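In: only geometry, no sequence info:
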Ligand SMILES: [Ca+2]
Ligand SMILES: [Ca+2]
C-alpha cells in the first residue's frame with residue numbers, strides 16, 4: 001500500500017515534470033513577478049539574436065494570396081535568448097502554440113480580404129455557463145491573444161503581416177476580466193527588429209465588445225520585452241511600471257549598424273497574469289494612441305465602425321515595447 005502510494009506519487013511527479021517540460025516555451029517567462037518581497041523587478045538584459053528558432057504551430061508557411069509582404073515574414077517563428085543572468089526568454093513572446101485562431105473580419109493573406117460571412121463562422125467559447133454572450137472585435141499590430149475570466153478565447157490568425165482584423169464570441173459573466181497579450185512581432189528575433197533593413201517596428205491594439213466595453217485608458221498595460229536598446233539603462237523601471245519613452249533609439253538605434261550588439265530588456269510574465277485574481281493595480285494605465293499613429297491599414301480603416309468608441313492603446317512606447325500585457329475588469333455592460 002505504502003509502496004504503491006509512493007509509486008503513485010513518483011508517477012504523478014514524473015507526469016508533472018513532463019508537463020512542465022512540455023510547457024517550456026511558456027515556462028521560461030512564466031515565473032511570478034509579484035510574489036515574494038514585492039521588490040521592483042528590474043528586468044534581465046540580453047544581447048544579440050535569438051537562436052533555436054521554431055515555427056509557431058498553426059501558421060501557414062506563406063500567404064495563399066500574392067499579397068506583398070517582406071520575404072522574411074514567413075515562417076512565423078519564435079526564438080530563445082539567454083540574458084546575462086542566465087535566464088531564458090522566448091522572443092518575441094511565449095505565445096500559445098495550440099489555441100484556436102480568431103475568425104477573420106478581414107484577412108488578405110489567406111483569402112480575398114473582406115470576410116462577409118464572419119458571423120456564421122463564429123463559435124461561442126463558453127467561459128461561464130451563466131454568463132452573457134459577447135461578440136468582440138480586435139485589431140492588433142501585430143498579434144494578440146485574448147483571455148476572458150482567465151480562459152483562453154482565441155489568438156490572432158496572422159501573427160505578423162499582412163494586417164488583419166478579428167472577431168470572437170464568448171459567454172462570460174460579470175465582473176468580466178479581459179486580458180490581452182499584444183505582440184509587436186519581429187523577424188530578427190531577440191533584437192526587436194524586422195526585415196532586411198532592420199526596421200524598428202511599431203505596435204498598438206484596439207478591441208471592442210458588444211456590451212459596449214472596449215480598450216480605453218482605464219485599462220492597465222505594462223511591457224515585458226523592450227528592444228532594440230543601445231543601453232537598457234534608458235528604461236525607467238519603478239514601482240509604477242516601466243517606461244522606455246526616454247530611450248532615444250526608438251527610430252534607429254546606434255546598434256542597428258551592428259544588430260548583433262543590440263540589447264533587449266525582459267521581464268518575467270506572472271503565471272496568473274490573465275486570471276481575474278491577478279492584482280494589476282501596479283501596472284500603469286494604458287496609453288491612448290490616435291488611430292493614425294498606429295495604422296492606416298484597410299484591415300482597420302474599412303471596419304473602424306465595428307470598434308465603436310474603443311481606442312487604440314499600448315504602453316508609452318509604440319516602438320520599443322514589443323510584448324505588452326493589458327487588462328481590464330468590466331463590472332457590467334457599458335451600452336445603455
Ligand atoms: Ca495580426
Ligand atoms: Ca517594436
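Out: Now that the structure is in, tell me what you want to look at. Just so you know, these numbers come straight off a predicted model, no measurement behind them. Ligands and ions are numbered 1, 2, ... in the order given.

In: C-alpha only now, for contacts and for neighbours.
Out: OK.

In: Help me confirm that residue 73 comes into contact with residue 162.
Out: No. Contact between residue 73 and residue 162 fails when scored by Cα atoms under 8 Å: they sit 9.1 Å apart.

In: intersection of neighbour lists for the two?
Out: The overlap between the contact sets of residue 73 and residue 162 (Cα atoms under 8 Å, 6 or more residues apart in numbering) is empty.

In: can you list the weak-confidence ranges in the stretch 201-336 of the chain?
Out: 249-251, 336 (pLDDT under 70).

In: just the strands in it please.
Out: Assignment of strands within the stretch 201-336 of the chain using DSSP state E, counting those that start in this stretch yields the ranges 204-209, 220-229, 236-238, 241-243, 263-266, 287-289, 312-314, 321-330.

In: The fourth one - contacts with which helices or strands?
Out: Using 3 or more Cα pairs under 8 Å, 6 or more residues apart in numbering; DSSP states H and E as the contact criterion, the elements in contact with strand 241-243 are strand 220-229, strand 236-238.

In: Next one: residue 208 relative to ligand 2, how far apart?
Out: 24 Å (Cα to the ion, to the nearest Å).

In: before we move on, the earlier item: may I see the strands of the stretch 201-336 of the chain organised as a markdown table, with mean neighbour count and distance to residue 110 added?
Out: As requested, the strands of the stretch 201-336 of the chain are exported to a markdown table (neighbours: other Cα atoms under 10 Å; distance: least, Cα to Cα, whole Å):
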| stretch | mean neighbour count | distance to residue 110 |
| --- | --- | --- |
| strand 204-209 | 26 | 21 |
| strand 220-229 | 28 | 29 |
| strand 236-238 | 14 | 41 |
| strand 241-243 | 21 | 37 |
| strand 263-266 | 25 | 33 |
| strand 287-289 | 20 | 29 |
| strand 312-314 | 29 | 25 |
| strand 321-330 | 26 | 25 |
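
In: For those strands, give me CSV that also has distance to residue 94.
Out: Rendered in CSV, the data for the strands of the stretch 201-336 of the chain read as follows (distance: least, Cα to Cα, whole Å):
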stretch, distance to residue 94
strand 204-209, 18
strand 220-229, 11
strand 236-238, 22
strand 241-243, 20
strand 263-266, 12
strand 287-289, 23
strand 312-314, 19
strand 321-330, 10
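
In: closest one to residue 80 among those?
Out: strand 263-266 (12.0 Å; Cα to Cα).

In: which helices and strands sit right next to that closest one?
Out: Taking 3+ Cα pairs under 8 Å, 6+ apart as contact, the helices and strands that strand 263-266 lies on are strand 44-47, strand 220-229.

In: and the first one, how far from the chain's centre?
Out: Once both centres are worked out by Cα atoms, centre = their mean, to the nearest Å, strand 44-47 turns out to sit 20 Å from its chain's centre.
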